[in-house]
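S.K.: pasting the sequence and the predicted model now:
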Amino acid sequence: MPGMEILSPAGSPQALRAAVAAGADAVYFGGGGFNARHFAQNFDGEHMARAISFCRENGVRSYITVNTLIADRELDDAAAYLKELCALGVDAVIVQDTGLMRLLKGLAPQLPVIASTQAAANTLPAMQCMKELGCTRAVAGRELSKEELSFLCRHAPLEVEAFCHGALCYSVSGQCYLSAVVGRRSANRGKCAGPCRLPYAIADRRPRHMLSLKDSCLAAKLSEMQRMGIGCVKIEGRMKRPEYVSGVTRLYRTLLDEGRAPTRREVEQAGELFSRAGFTDSYYEGRTGRDMFGMRDERIPEKYEAALAFERAAVEKWTPSKGAASRFVDFSLTLKGGRPAALTARCDGETVSVRGPVPEPARTRPLTPDDARRALSKTGGTGFEARDVACDIEPGLMLPLSALNALRRSALEQLPASSREIPWRGEIPALPPALPVDRRELYC
C-alpha cells in the first residue's frame, strides 16, 4: 500500500547517514538554534548545507526543525535563519510557534510548513487553525488514540503525521513546564531536562521512577495506520545513537514494503537497540495504566552490544548514491490514432507538455502500458526519478521506443533547473518595542 512516508530522526551526521542507508523517505534535523533538541549535535552553517545536499543526492526529503517558541527580539534572527533554509531548498520546516507560522505565510508562502507536535494540534479545530496559518501537515500528539487519529484523518483539512516509535512524554507535548520549574530549562525552548525520567519520593517512601513511560512501538499497527489515512509515520530519537536510527528505520521500512506485521523477534531486536523495560502501545489503544511505566536499564548485556554492532556494520557497508535522482517527476502519456503522441511531465509544481510522432497501427505487437512505463522510467543520470507514469494508450497502436525516449528527454530538458531555492518575499515587518520581561518568563 503506497503513500505513507517514513520519517526518521537525525541528531548527528552519523545518524543522518544511518537513516538514509536504512531506507527513510524523509529525515528531520535541526540547526544550532530554534529547535527542540538543543542538546543534539545538530547541523550548523556548511554542515546544514551538506546535510540537505546529501539527502537530495539520495532521494530523501529533508525537514528542518524550527520548533521552539520564538521571543519578539529573536524574530529577526529566526527570519534570517529561515531565509537561509529557503535558499538551500529544504523540503519543509517543522514549526511550533503560531506567530512564526503566520509570518512565513507572508514571507515564504511556497515553503511547506509542518505544525510540530509541540503546537499541540490534537483536535479538529486546532488542525483547522494550522491550515489557516499555512501549514500543509500537522504532527498529532503521541497521546492520541487510534479512534482520535482516525477522526482527524477523516476530517482534518491537512495531512496528519503520527509518531510510530520512540519516547513518550508524560505530559502533552508543548504544554509541559516541569523542566522549566525544576531545572529552569524549558522544553518549549529546546532544553528539556527530562524530569519525568528522574526518581521521586512521596513523604519518606523510597524514591521511584513514577513518571517514566516506556517507549512506544506501533510496528504491529503500521498497516492499520496506513488504512486510516495517516500520511507520515515518525520515529522519535534525535538524541539517540545512529545504530538505533538504523535498526528502527529498517524495521518500519521492511514492514511497510512487505505489508505485514512484525515478528516477535523483530520487536525484540528493536528493544535491544533501545527500550525502557519493553514497549507500550497503550496510548494508541486507549487503555492507560501501570503497565505503561518503565526505565532504561543502562547495563548493556552482550546481546544488546551484538545488535548495535550489527547495525554499525550495516551502515558502514552502505554506499551513498552519486548524483542520484533527487527530483520526482510524474509522467502522463496519451496515444490516440491519428493524433501526435503527447507526454506531460510534472515536477515540483511545474508542468511541461511535449508532442511526438503520430502512432501507427501495430503490424505485430502493439505498444502496451507496461512497455511505455519501462521506457519513460529510464531517467538515470538526468537528476530526475519517475514516480508515477500514467498511460492512456488506444489499443492496437505502435510507437517506437526511440520515439518514447525522445519524448522523455525533451520533457525533462524543458523542466526548470534542479535548484530548489524557495522564493522569499522581503523582510520581516517592523514590530512594536518589546515590553520589559521578567527573565523568569523566558523559561516558559
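M.R.: Perfect, thanks for sending it.
S.K.: from here on, contacts and neighbour counts on C-alpha atoms
M.R.: Noted.
S.K.: which residue ranges of the stretch 301-444 of the chain form helices?
M.R.: Along the stretch 301-444 of the chain, counting by DSSP state H, counting those that start in this stretch, helices occupy 302-317, 369-376, 401-414.
S.K.: want to throw those into JSON lines with mean pLDDT, distance to Val352 and mean neighbour count?
M.R.: As requested, these are arranged in JSON lines below (pLDDT from 0 to 100; distance: least, Cα to Cα, whole Å; neighbours: other Cα atoms under 10 Å):
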{"stretch": "helix 302-317", "mean pLDDT": "87", "distance to Val352": "39", "mean neighbour count": "15"}
{"stretch": "helix 369-376", "mean pLDDT": "92", "distance to Val352": "15", "mean neighbour count": "16"}
{"stretch": "helix 401-414", "mean pLDDT": "89", "distance to Val352": "6", "mean neighbour count": "17"}
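S.K.: among these, which is nearest Arg102?
M.R.: helix 401-414 (34.6 Å; Cα to Cα).
S.K.: what is the orientation angle of the closest one with helix 369-376?
M.R.: Interaxial angle, helix 401-414 versus helix 369-376 (axes from the mean of the first three to the mean of the last three Cα atoms, to 10 degrees): 50 degrees.
S.K.: hmm, back to that, now the helices of the stretch 301-444 of the chain as CSV including distance to Gln14?
M.R.: As requested, the helices of the stretch 301-444 of the chain are exported to CSV (distance: least, Cα to Cα, whole Å):
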stretch, distance to Gln14
helix 302-317, 9
helix 369-376, 35
helix 401-414, 34
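S.K.: how about the strands in the stretch 251-400 of the chain?
M.R.: Using DSSP state E, counting those that start in this stretch, the strands found in the stretch 251-400 of the chain span residues 279-280, 327-335, 342-347, 350-355, 360-361, 384-393, 397-398.
S.K.: make sure Val160 is indeed in a strand.
M.R.: Yes. Under DSSP: H, G, I helix; E, B strand; the rest coil, Val160 sits within a strand.
S.K.: enumerate every residue touching it.
M.R.: Arg137, Ala138, Val139, Ala140, Leu152, Cys153, Gly229, Ile230, Gly231, Cys232 (Cα atoms under 8 Å, 6 or more residues apart in numbering).
S.K.: go on, Leu308?
M.R.: Leu308 neighbours (Cα under 8 Å, 6+ apart): Glu243, Tyr244, Leu273.
S.K.: can you tell me the SS state at the second one?
M.R.: Right, Tyr244. Classified using three-state DSSP, Tyr244 is helix.
S.K.: find the nearest non-adjacent residue to it, please.
M.R.: What sits nearest to Tyr244 in space, not counting adjacent residues and going by Cα to Cα, 6 or more residues apart in numbering, is Leu273, at 5.3 Å.
S.K.: the first one too?
M.R.: Using Cα to Cα, 6+ apart and skipping the chain neighbours, the partner closest in space to Glu243 is Glu311 (5.2 Å).
S.K.: what sits against the one you found?
M.R.: Per Cα under 8 Å, 6+ apart, neighbours of Glu311: Glu243, Tyr244, Ser246, Gly247.
S.K.: on that earlier part again, local confidence estimate at the residue nearest to Tyr244?
M.R.: Note on Leu273: pLDDT of 93.
S.K.: so it makes contact with Thr249?
M.R.: No. Leu273 lies out of contact with Thr249 (Cα atoms under 8 Å); the separation is 11.7 Å.
S.K.: of these two, give the one with the bigger neighbour count.
M.R.: The residue with more neighbours, out of Leu273 and Thr249, is Thr249; 27 against 23, by other Cα atoms under 10 Å.
S.K.: please identify the helix or strand for the more buried one.
M.R.: Assigned by DSSP states H and E, Thr249 falls within helix 242-258.
S.K.: what inclination does that helix have with respect to helix 302-317?
M.R.: Taking the same axes, to 10 degrees, one finds helix 242-258 and helix 302-317 inclined to each other by 80 degrees.
S.K.: for helix 242-258, packing partners?
M.R.: Judged by 3 or more Cα pairs under 8 Å, 6 or more residues apart in numbering; DSSP states H and E, the packing partners of helix 242-258 are strand 5-9, helix 13-21, helix 222-228, helix 264-273, helix 302-317.
S.K.: now Val358. Nearest residue, chain neighbours left out?
M.R.: Closest to Val358 by Cα to Cα, 6+ apart is Pro340, at 4.1 Å.
S.K.: tell me the confidence at the one you found?
M.R.: Confidence score, pLDDT, at Pro340: 94.
S.K.: can you tell me how far it is from Ile202?
M.R.: Separation of Pro340 from Ile202 (Cα to Cα, to the nearest Å) stands at 81 Å.
S.K.: returning to what we had before: so for Thr98, which of the helices and strands packed on helix 242-258 sits nearest?
M.R.: strand 5-9 (22.8 Å).
S.K.: what residues sit buried inside the helix or strand bottoming out on mean pLDDT in the chain?
M.R.: Least confident helix or strand of the chain, by mean pLDDT, DSSP states H and E, is helix 178-183 with a mean of 83. Neighbour counts over helix 178-183 (16 or more other Cα atoms under 10 Å) mark Leu178, Ser179, Ala180 as buried.
S.K.: need the next SSE after it, C-terminal direction.
M.R.: According to DSSP H and E, the helix or strand after helix 178-183 is strand 215-217.
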